[in-house]
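Visitor: I'll drop the sequence and a predicted model, then ask my questions.
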Amino acid sequence: MQLYLPVAEMSANVFIFLAMGGAVGFLSGMFGVGGGFLMTPLLIFAGIPSVVAVGTETAQILASSVSGALAQWRRRNVDVKMGVILLSGGLVGSGIGVEMVKVLRRVGVFDVFVAACYVTFLGVIGTLMMIESTNAIRKTRAGRVVSGRRSGQHNWVHGLPLKMRFNRSKLYISAIPPLLLGFFVGLLAAIMGVGGGFIMVPAMIYLLRMPTNVVVGTSLFQIVFLTAATTVLHASQNYNVDVVLAVILMAGGVIGAQFGTVAGERLKGEQLRFLLAAFILAVCARFAWQLIAPPSEFYSLAGGI
């Protein structure tokens, strides 16, 4: 069934985008990420203009994250205090990011900039996660105990000022790292159309040393409010949110997130990280090819006679 997308200015098959929303919502519930690092590229690959894909995807992430966050809330896996600190930095970063989108569109380099960002961030993070998860799986199969990262272990973060106590995460650390992490994720959310979970989740586990079960719920909690604010800013300033497309993606995402939450509980931590790394690297490879592949048509700037 074909439906016209007014902001994207194109016709689209409803069932294809509904299935895309469901698949990404499934990943959101399973991995505790917003799913934008997959959906935004999929929309671009499907022919949606980059700027519309970025703005619209923030709305879809909002819907799928609400569903996943509610499921995690019922399991008491949300550190609200940590989520508020992350969100405070994220809102500032999001506001700056929306302004950057406006400038990049004006100078005509937005598409290339987004593709380069995806290749850089997804390549680095996907490679690191793949190495770590592969080593963990190898140790498990060899019968060796995989040492987990427990809350309470100290690193350089614990020496910073402005310390706060996060009872749900069993942490007593400085508020500065969560604020900076939130700011960076907010910036990426506005520019790349992502929830930032693919950066947030590893950072909360390995940098802040939060318990893994609390990380997933807290990540989704802050993504809900961050993407809500980013969507409003994009719609009011850049006019790049296609509501029709967003509703289609939301419908699939809300359903998929519930199944993803259940599926995630049946897999081991190292298996989840391996699968997420594989998805990240696949998207990275596709964007890298898009940057280096020759265009299908060549144009000449030479004037006619």
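Guide: Nice, thanks for sending it over.
Visitor: hang on, Met192 packs against Ala115?
Guide: No: using Cβ atoms under 8 Å, Met192 makes no contact with Ala115, being 10.0 Å away. C-beta here means a position set from N, CA and C on the backbone, and glycine is covered the same way.
Visitor: okay, those two: which has more neighbours?
Guide: Neighbours per residue (other Cβ atoms under 10 Å) separate Met192 from Ala115, with Met192 holding more: 27 against 19.
Visitor: give the contact list for that one.
Guide: Residues counted as contacts of Met192 (Cβ atoms under 8 Å, 6 or more residues apart in numbering) are Gly36, Phe37, Thr40, Val54, Val114, Cys117, Tyr118, Phe121.
Visitor: now the two most distant members of these.
Guide: Val54 and Phe121 (14.4 Å; Cβ to Cβ).
Visitor: and these two? which has more neighbours close in?
Guide: The neighbour comparison of Val54 against Phe121 (other Cβ under 10 Å) goes to Val54, with 29 against 18.
Visitor: so that one: helix, strand or coil?
Guide: For Val54, the assignment made with DSSP: H, G, I helix; E, B strand; the rest coil gives helix.
Visitor: list the contacts for it?
Guide: Applying Cβ under 8 Å, 6+ apart, the residues contacting Val54 are Thr40, Val101, Val114, Ile191, Met192, Gly193, His234, Asn240.
Visitor: and if you look at Thr218?
Guide: Counted by Cβ under 8 Å, 6+ apart, Thr218 has contacts Asn77, Val78, Asp79, Met82, Gly83, Leu86, Ser169, Met204, Met210.
Visitor: helix or strand right after the helix or strand hosting it?
Guide: Remark: Thr218 resides in helix 212-233, with elements defined by DSSP states H and E. Using DSSP H and E, the next helix or strand after helix 212-233 towards the C-terminus is helix 243-264.
Visitor: quick one on the thing from earlier: angle of the helix holding Thr218 against helix 243-264?
Guide: In terms of direction (axes from the mean of the first three to the mean of the last three Cα atoms, to 10 degrees), helix 212-233 departs from helix 243-264 by 180 degrees.
Visitor: show me what the mean pLDDT comes to for stretch 102-114.
Guide: Mean per-residue pLDDT for stretch 102-114: 87.
Visitor: one more: stretch 245-259?
Guide: The average of the pLDDT scores along stretch 245-259 is 80.
Visitor: pull out the buried residues from it.
Guide: Neighbour counts over stretch 245-259 (16 or more other Cβ atoms under 10 Å) mark 245-246, 248-258 as buried.
Visitor: related to what we said a few turns ago, export the contacts of Met192 as a markdown table, with columns for secondary structure and distance to Gln290.
Guide: Shown next, in a markdown table, are those (DSSP: H, G, I helix; E, B strand; the rest coil; distance: Cβ to Cβ, whole Å):
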| residue | secondary structure | distance to Gln290 |
| --- | --- | --- |
| Gly36 | helix | 17 |
| Phe37 | helix | 15 |
| Thr40 | helix | 13 |
| Val54 | helix | 15 |
| Val114 | helix | 10 |
| Cys117 | helix | 13 |
| Tyr118 | helix | 9 |
| Phe121 | helix | 15 |
